[in-house]
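Asks: Show me the folded form of this:
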Amino acid sequence: MKPKEHPFVFTPEVVLIPFLFVFSIWLVYWSEIRFGFRFNSYGVYPRTFTGLRGVLFSPFIHGNMKHLWSNTIPLFLLSMAVIYFYRSQRWTVFLVGLLGSGIITWIIGREANHIGASGFIYVLMSFIFFKGIITKYYRFVALSLIIMFIYGGMLWYLFPVEPHISWEGHLGGFITGFLLAVFLPVVYVKETFEWEKEEFVPEDDPFMRHFDENGNFIEILPDEVEEDTQVVSTPIKVNYIYVDRSKNTEEE
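Replies: Here you go, the predicted structure:
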């Protein structure tokens, strides 16, 4: 993969887009409370034609405050990570992830209304983790390990551990994120250090010339140093001012 652009640039959209995501789900929940609406019927209802509308609507619908709050912080942080580290792929991940997780839930889900942004959150988590492992690029690998350290416990909810939690939505998001990580190409700029360049000669480097090809330290004596690499010392003048205090004492 030939690198073409550098994605690691902080711009306002890194915060703005995740904020809009979070604001929208809170706005929907506030509308339910303020006007007495219940949007649960707009969730994903598996294997029915009307249930397909939930593919688009369900991530914005939440059953209660606990459900809403538990999705808010992961949605904000993970979407920030995708935008910052995978800038060129962000909209593909968001759109395909949203549709893919919803469709898989529609296919494998139980006969109930599946709501909440957790399926989409599993898309982001899965994509970030597997993409870092696949690329083996140190920035992405570090991000993968951080995500797994923070949200590794979410893997338990890929299984039917609690009856009121849509593990089908979680599994659909996880599978979608994995497929995106495998098939979505990522373009990034790989820093090239001096010692990685073809024209680099270790013997000409002041530091590397102290090591052999096996990495063992070589002690270089002063008489072995070439004349053009020797440090030329410049004499330093120090001026001393002498004050004869004996005369001052006699005058007093």
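
Asks: For the rest of this, base every contact and every neighbour count on C-alpha atoms.
Replies: OK.

Asks: hmm, who's touching stretch 20-36?
Replies: 37-39, 59-62, 68, 72, 75-76 (CA atoms under 8 Å, 6 or more residues apart in numbering).

Asks: which stretches of this protein have low pLDDT?
Replies: Applying pLDDT under 70 to the chain picks out residues 1-7, 187-215, 219-252.

Asks: So it: which segments form each domain?
Replies: 13-183, 194-229 (automatic domain parsing).

Asks: got TSV for those, with mean neighbour count too?
Replies: Listed next are those as TSV, based on neighbours: other CA atoms under 10 Å:
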stretch	mean neighbour count
domain 13-183	19
domain 194-229	10
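
Asks: which residue is nearest the centroid of the protein?
Replies: Residue closest to the mean C-alpha point of the chain, counted by CA atoms, centre = their mean, is A81 at 3.9 Å.

Asks: That one should be in a helix, yeah?
Replies: Yes - counting by DSSP: H, G, I helix; E, B strand; the rest coil, A81 is found in a helix.

Asks: those helices in the stretch 101-250 of the chain, which residues are they?
Replies: 118-135, 138-151, 167-183, 245-251 (DSSP state H, counting those that start in this stretch).

Asks: Any chance of a markdown table for those helices, columns distance to R90?
Replies: Output for the helices of the stretch 101-250 of the chain, formatted as a markdown table (distance: least, CA to CA, whole Å):
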| stretch | distance to R90 |
| --- | --- |
| helix 118-135 | 10 |
| helix 138-151 | 15 |
| helix 167-183 | 11 |
| helix 245-251 | 81 |
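
Asks: So which of the ones you listed is nearest F217?
Replies: Smallest distance to F217 across the helices of the stretch 101-250 of the chain (CA to CA): 27.3 Å, for helix 138-151.

Asks: now the closest one, how far from the centre of its chain.
Replies: 7 Å (CA atoms, centre = their mean, to the nearest Å).

Asks: Specify the angle between it and helix 118-135 in degrees.
Replies: Here helix 138-151 points in a direction 140 degrees away from that of helix 118-135 (axes from the mean of the first three to the mean of the last three CA atoms, to 10 degrees).

Asks: hey, C-alpha coordinates of helix 138-151 in CSV?
Replies: Coordinates of each C-alpha in helix 138-151 appear next as CSV, following Å, rounded to 0.1, in the frame of the first residue of the first chain:
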residue,chain,number,x,y,z
TYR,A,138,2.4,1.5,15.1
ARG,A,139,-0.1,4.3,15.5
PHE,A,140,-3.1,2.2,14.6
VAL,A,141,-1.8,-0.8,16.7
ALA,A,142,-1.5,1.5,19.7
LEU,A,143,-5.0,2.8,19.2
SER,A,144,-6.3,-0.8,18.9
LEU,A,145,-4.7,-1.8,22.2
ILE,A,146,-6.2,1.3,23.9
ILE,A,147,-9.6,0.6,22.6
MET,A,148,-9.5,-3.0,23.6
PHE,A,149,-8.2,-2.0,27.1
ILE,A,150,-11.1,0.4,27.6
TYR,A,151,-13.9,-1.3,25.9
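
Asks: my guess is E168 contacts G109, does it?
Replies: Yes - E168 is in contact with G109 according to CA atoms under 8 Å; the separation is 5.4 Å.

Asks: Scan the chain for its longest helix.
Replies: Using DSSP state H, we find that the single longest helix of the chain is helix 13-35.

Asks: Which residue is the nearest non-sequential neighbour of W167?
Replies: L158 (5.2 Å; CA to CA, 6 or more residues apart in numbering).

Asks: Isn't that neighbour up against I175?
Replies: No - checked against CA under 8 Å, the pair L158 and I175 is beyond contact range at 10.2 Å.

Asks: Tell me which residues touch the spatially closest residue to P160 that is not a sequence neighbour, please.
Replies: With sequence-adjacent residues excluded and distances taken as CA to CA, 6+ apart, P160 is closest to W167, at 5.7 Å. Contacts of W167 were listed using CA under 8 Å, 6+ apart, and they are 157-160.
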